[in-house]
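>>> Using only what follows, build the 3D model:
(chains A, B, C and D)
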Amino acid sequence: MFARRRFAVLKNLLEYAGLEPGRLHFSWISSAEAQKFQQTVTEVTEAVKALGPATRMIKDIRKVA
Amino acid sequence: MSSKILSKDKLDAFLQGLKGARDVFAPAMVEGKVGWAAVEQASDMLTEFSNTEMSPKDFFFPQTECMMRFKNASGDPEGMIMMAEPALARPRALMNIRPCDAKAFQVLDLIFVQDEMTNDLYWRDKRERTACIGLACNDPCPTCFCTSVNCGPHHEAGLDLLLVDLGDKYLVKVLNDKGAELAKDLPAAAAGDEAKAAELKIAAEAKITGGVSMDQVKSREVMELYEAGHWDRVQESCLNCGTCTFCCPTCHCFDIQDEVQGESGRRVRNWDTCMSWLFTMHGTGHNPRGTKKDRVRQRFMHKFKYIPVKRGGEIGCVGCGRCVQLCPVNIDVRRVVNDMNA
Amino acid sequence: MDNAAIAKGIREAAKKLLGEGKVDVVIGYAKGTVPMRDYPYFAYTPEEAENLTWSGFCCNNLALYAIRRPGRMAVVAQGCVSRNLVGLVNENQVKRENLYVIGVNSPGMVDRRKVQALFPGQTITEVEEVGDELIVKGVGFAEKVARKKVMRQNCYTCVQRNPVISDELIGGEGPASHGGNLDKVAAPWEKLGSSERWAEFQESFKDCIRCYACRDACPLCYCHVCFVDESQPQWCGKTQDEADVATFHLLRAFHCAGRCTDCGACESACPAGIKMRRLTMKIEKDIRDLYGYQPGMAIGAQPPMTLFKPNDPQDFIK
Amino acid sequence: MRNTYIPYPVRIKQTRVETEDKQLKSFLFEFMRDEDAEAFKYMPGQFAELSVSGYGEIPIGIASSPTEGKDLLFTVNKVGAVSTRLHNMKAGDVMGVRGPLGNSYPLKANEGKNIVIVAGGFAVTTLRSTMNWLLHPDNRAKYGDITFIYGARTPGMLLYTEEWTAWQKSGQAKVCVTIDREAPGWSGLVGFVPTVTEQTAPNPDNAIALICGPPIMIKFTQPVFDKLGWKSDQIIMSLENRMKCGIGICGRCNVGPEYVCKDGPVFTKTQLDRLPREY
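The predicted model follows:
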């Protein structure tokens, strides 16, 4: 419940700074809800895969400085 | 060495000549700030400016610099072995360096390159492949105190050429063979031009009023300066941020970090600051400079005592005044040195 | 009352407190060695109290120096500084009984960079305050500038120029605000698309040199070990890569959530002129909107990030 | 000109857990290229940066002696990210060694003298190197009496037990090994290093003392030497500070004007008396 406030603010901040939308997901899952966990992870993975590789906040150390 | 003349209407031709073999950088207006930028033509360059907000040390000692790379694959025969990063691809020239900043290059040469073991090839390669062309200060700032610290508004150390603004032309002082090569096509200066430059030098030096005294700092023992009472007051307001060290043309402390990304790995160095408690922290939790006072004192002692002791009297400060202008709590180095000297 | 008279009042108050032994130190401001940079000063004796000053150039937040400081102290506090002191009392970093607040109404502090921008390439040697005007002097010039034109951005939209707590108020209460509407300017990127926001964000922080002056000047940043200094695990890379710089600024701002009084000390301290309030203003606006909270307004108030209500908004959670 | 930041590649030849708490582990490295082994010429007291690609470097005193051959021995305490990773590495793994760095104990300059060695805890590493160098047939005759005083908290925390037992048996040196408190099965000396030093009472005439240990041991051992009439320039100590470059540039290990990595780690007490205690 404390985390709900913190995540609300954090999510707004990251979106405000222009982090790509759709890469941050929140869900209530109890430790007893294995199936919901499985389902959510699958959905999130599919959603993020569909967006393709991230382009923002990415550090590529292979780049020659 | 001899002096040449560069007429201001020939400045662009001179610049284009340099650009034939080198990337050229100079102080320029960069989004409202006086900074260093790559220049294409003479009109890109600022000629009327006090100094750039940040020192040009990062041309030789970038804030982040990849030192070596490795293949992050322990099974691979070449895996985990560090390989040096290639040196600077194309030679460079820096135009209109203020003499204080150039003097700082010379001070840092003494620190980065000492002997066979203490031989920083990253610094040295870039120094060797960069031509340094200075622009003498005819109007020093109120925060300048270069004349107190083995430097001056027309100082020549660390430069290949020094330009002195004579109005419609520059007197070009040739300071070494590299400079002679750069200025070989310029006409020779007349005796009157040299005399005028000499007058400007005296006039510029006279404009520097906020000097500091160093005689006692020089003669006192390390421990006497270290244990003096004034450090308690100097450190009070200090935030222990890194502003003074990062804007300083002679501060050269760094940290080394490893980074990996999949099969790529690198070792990279970043500027570090003696103001940070982490800088000296032992793995055991013991910290030899554990208090803010220790850290503040370290910075001034390093510049004004430790470097002179180790480097034949050279001072680790060139009097550029950047820290005076930028310190968020106005810890004025001139005041601190005068306290050390009191 | 003008600043000179307030400065005199501060000196008198400080001399009395120190002379009577009511406090060990008075933390105020003294005149700096460069124009427009008055600095934090610690007076331990009535004689030292003579060095205290008050001006439109008092841009540091003195609440910083009260954090976990032993002994009894008096702190010169305008609205924002007093709000931070309240926050520190509420977060158990300062004991109210050890603190004597010398309250002052803030005239709105001057942004040195704005003044310098009016005189490009010229060297300013002295800036004097006369009423609502500054007299800016340099080599071969002296010009008047209206204070309103060169005030720090946060001082325009300040809603609490009077101290929220004070044990003594020098110069009496003044206007509470400058009339600026913080909610209107707090989150200008909200109307932009995501990639434009990213471009604005990148642009805003690209000059960062990671000196951490913003963190170190901030009275909220009192952690014994800041997250950027942690090595096991290392949360944030140490390079100038834009991702490392962005991580630092986003997390620093986030750690101030529900606590930032918009005092502007971070921007005033920054040697690169970065406007990091662009992040903290947005966060505080969200907190006002979501939880109806403004930091540092009342002793005993609980910071919103340490609380929850069953009906807190949660549209973002699936 | 060689780039002195690039470590020589080495392979871990052997590892050994040294102490009962498993915090100390020894690593024997062999150079992957013969020319690197040739170039790595060192003397006891010097250190090297151990480089674990992807983690970083740590400065560690060289525990082997050049008289033992080309392989290098290091004993590493597990404290930070690099040493923790190193403790998880095994024989055959590739890493790097950069050095030799710093100065060494002034052994050659003190030929003909008696040598007293005082070691506490795992600071014994470079003194193990020193003992092996001194006891080597090429060198032993050049020195007078050799006394080796070494203490650890418990018997299980003593390093290199086989070796100092052998030194003891050889009669080439007087070996005084002590533990802090009585322990079952321990028949040797009991007591802190300063006390044992006082009991051993090394004679200052024509002698030097090499001291390396935790700050607390050094603090209490120094007065013992003073009491026994030793002069400051006879007392030689090895320091450690946080380091990065190891070659006197990066700015964090200095004690006053002296860089521990380059001007040290070995200093005389005379030198240290004139420096801030920033170590």
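>>> How much space separates the residue lying closest to C:Asn61 once chain neighbours are set aside from B:Glu85?
The spatial neighbour of C:Asn61 that comes closest, neighbours along the chain excluded (CB to CB, 6 or more residues apart in numbering or on different chains), is C:Ala265 at 3.9 Å. Where you see a C-beta, it was placed from the backbone N, CA and C, and this is true even at glycine. From C:Ala265 over to B:Glu85 the distance is 39 Å, taken as CB to CB, to the nearest Å.
>>> Between these two, which has more neighbouring residues?
When C:Ala265 and B:Glu85 are compared for neighbours, C:Ala265 comes out ahead with 30 against 18, by other CB atoms under 10 Å in any protein chain shown.
>>> what's near enough to touch the more buried one?
C:59-61, C:64, C:217-219 (CB atoms under 8 Å, 6 or more residues apart in numbering or on different chains).
>>> Now the phi/psi pair for it, please.
Note on C:Ala265: its backbone torsions stand at phi -60, psi -30 [degrees, to the nearest 10].
>>> Determine the number of other residues adjacent to the residue of the stretch 1-150 of chain D found nearest chain C.
In the stretch 1-150 of chain D, no residue comes nearer to chain C than D:Ala81, which is 5.6 Å away by CB to the nearest CB. The tally of other residues near D:Ala81 (other CB under 10 Å) stands at 17.
>>> of all the contacts of C:Ala265, which comes closest to chain D?
So of the contacts of C:Ala265, ranked by how close each gets to chain D (CB to the nearest CB), first place is C:Ala217, at 23.9 Å.
>>> Who does the residue of the stretch 51-200 of chain B found nearest chain C form a beta bridge with?
Nearest to chain C, among the residues of the stretch 51-200 of chain B, is B:Thr64, at 4.1 Å (CB to the nearest CB). B:Thr64 forms beta bridges with B:Asn270, as assigned by DSSP bridges.
>>> and what of D:Ala209?
Note on D:Ala209: beta-bridge partners D:Val116, D:Ile235, judged by DSSP bridges.
>>> Output the set of residues of the stretch 151-279 of chain D in proximity to chain A.
Within reach of chain A by CB under 8 Å from any CB of the partner chain, the stretch 151-279 of chain D has no residues at all.
>>> Specify the local secondary structure of the residue nearest to the spatial centre of chain B.
By CA atoms, centre = their mean, chain B has its centre lying nearest to B:Pro249, at 3.1 Å. Classification of B:Pro249 using DSSP: H, G, I helix; E, B strand; the rest coil returns coil.
>>> if I look at it, how far off is chain D?
Distance check for B:Pro249 against chain D: by CB to the nearest CB, to the nearest Å, it reads 15 Å.
>>> Over to C:Ala74?
Note on C:Ala74: its distance to chain D, by CB to the nearest CB, is 34 Å.
>>> again with B:Gly285
Here the criterion is CB to the nearest CB. By it, B:Gly285 lies 9 Å from chain D.
>>> Likewise for C:Ile165?
To chain D, C:Ile165 is 41 Å away according to CB to the nearest CB.
>>> Can you report how many residues lie near that residue?
When counting by other CB under 10 Å, one arrives at 18 neighbours for C:Ile165.
>>> Quick check: it is in a strand.
No - counting by three-state DSSP, C:Ile165 falls outside a strand, being coil.
>>> right, and it touches C:Tyr100 too?
No - at 10.4 Å, C:Ile165 does not count as touching C:Tyr100 under the criterion of CB atoms under 8 Å.
>>> Can you give me the neighbour number for the closest residue to chain C within chain A?
Chain C sits closest to A:Gly18 of chain A, with a gap of 2.8 Å, by CB to the nearest CB. Using other CB under 10 Å, A:Gly18 has 22 neighbouring residues.
>>> my guess is it meets C:Phe201, correct?
Yes - A:Gly18 is in contact with C:Phe201 according to CB under 8 Å; the separation is 5.2 Å.
>>> now the longest helix seen in chain C: mean pLDDT?
Assignment by DSSP state H gives helix C:3-19 as the longest helix of chain C. Mean per-residue pLDDT for helix C:3-19: 97.
>>> and if you look at stretch A:30-44?
Stretch A:30-44 shows a mean pLDDT of 93.
>>> contact partners of that stretch?
Contacts to stretch A:30-44, defined as CB under 8 Å, 6+ apart, come from residues A:25, A:27, A:29, C:318.
>>> got a list of what the closest residue to C:Glu190 other than its chain neighbours touches?
Using CB to CB, 6+ apart and skipping residues adjacent in sequence, the residue nearest C:Glu190 is A:Tyr16, 6.9 Å away. A:Tyr16 sits next to C:187, C:189-190, C:197, C:279, C:282 when contact means CB under 8 Å, 6+ apart.
>>> Closest to B:Arg297 out of the residues you listed?
Checking these against B:Arg297 by CB to CB gives C:Leu279 as the nearest, at 34.5 Å.
>>> Which residue is the nearest non-sequential neighbour of the closest one?
Spatially, and ignoring its direct neighbours in sequence, C:Leu279 is nearest to C:Ala253 (3.7 Å; CB to CB, 6+ apart).
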